[in-house]
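**Q** here you go, sequence then predicted model.
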Amino acid sequence: MEKTSVVARNKKAHHDYFILDKYEVGIVLTGTEIKSIRENKVSIQDAYCQVKDGELFIYNMHIAKYRQGNIFNHEETRTRKLLAHKREIRKLEGSVSRAGHTIIPLTLYIKNGLAKLEIAVCKGKKLYDKREDIKKEAMKREIQRISKTRW
């Protein structure tokens with residue numbers, strides 16, 4: 001039985017992007033980074049991923065310094081390597097080469113004691129797409145509110 005606990009979510013991702021493909025990847029971390037992640041001291045809001053020299057990296061992922069760390073504590077927003085299969089990386093590289101596509105992290109979680117990251121190939125939404133989504137959400141909430149008051 002696998003045990004997962006979500007540490008961080010990128011809530012703006014579904015608002016700002018169309019999600020095309022999702023992948024689960026591992027992260028190369030140091031000792032104090034995993035301790036901070038287990039204390040939920042992490043943010044993936046401004047993070048993005050890139051393929052460089054056949055390897056996958058995440059940029060701007062903020063992991064707070066471990067408060068009980070010493071002089072060997074980690075740098076908070078360093079570039080971290082992501083672990084994925086070679087064919088997945090090639091597939092990601094091919095899809096990002098298309099115009100308007102990018103790789104962003106959606107969720108950071110701990111699965112069976114290991115930190116995992118759910119990343120997605122996304123296409124940016126235009127302003128009118130965002131307005132349409134806001135209208136749909138407002139209608140959905142209104143329908144739920146009316147159905148609750150009737151019963």
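**A** Noted; the coordinates are in hand. Numbering: from 1, shown residues only.
**Q** other residues contacting the lengthiest helix in the chain?
**A** Counting residues, the longest helix found in the chain (DSSP state H) is helix 127-150. Here helix 127-150 makes contact (C-beta atoms under 8 Å, 6 or more residues apart in numbering) with H15, D16, F18, K125. Where C-beta positions appear, they are placed from N, C-alpha and C, glycine not excepted.
**Q** mind redoing it with 6 Å?
**A** Among residues not part of helix 127-150, none is counted as a contact by C-beta atoms under 6 Å, 6 or more residues apart in numbering.
**Q** same deal with stretch 48-67?
**A** By C-beta under 6 Å, 6+ apart, the list of residues contacting stretch 48-67 reads 32-33, 35-36, 41-44, 46-47, 73, 76-77, 79-82, 84, 89, 92-93, 103-104, 119.
**Q** in strands, which of these fall?
**A** V42, S43, R80, K81, L82, I103, I104, I119 (DSSP state E).
**Q** with those residues in mind, which one is nearest to Y23?
**A** Y23 lies nearest to I119 out of the ones in strands among the contacts of stretch 48-67, by C-beta to C-beta, at 5.3 Å.
**Q** and that closest one, what are its bridge partners?
**A** Beta bridges link I119 to Y23, P105, judged by DSSP bridges.
**Q** can you name the residues that contact it?
**A** Y23, V25, C49, I103, P105.
**Q** same thing but at 7 Å, please
**A** Y23, V25, C49, I103, I104, P105, L106 (C-beta atoms under 7 Å, 6 or more residues apart in numbering).
**Q** kindly report the same for R87.
**A** Applying C-beta under 7 Å, 6+ apart, no residues qualify as near R87.
**Q** report pLDDT for the residue most central in space within the chain.
**A** With distances taken as C-alpha atoms, centre = their mean, the residue of the chain nearest its centroid is P105 (2.1 Å). Predicted confidence (pLDDT) at P105: the value is 94.
**Q** kindly report the same for L20.
**A** So L20 comes in at 90 (pLDDT).
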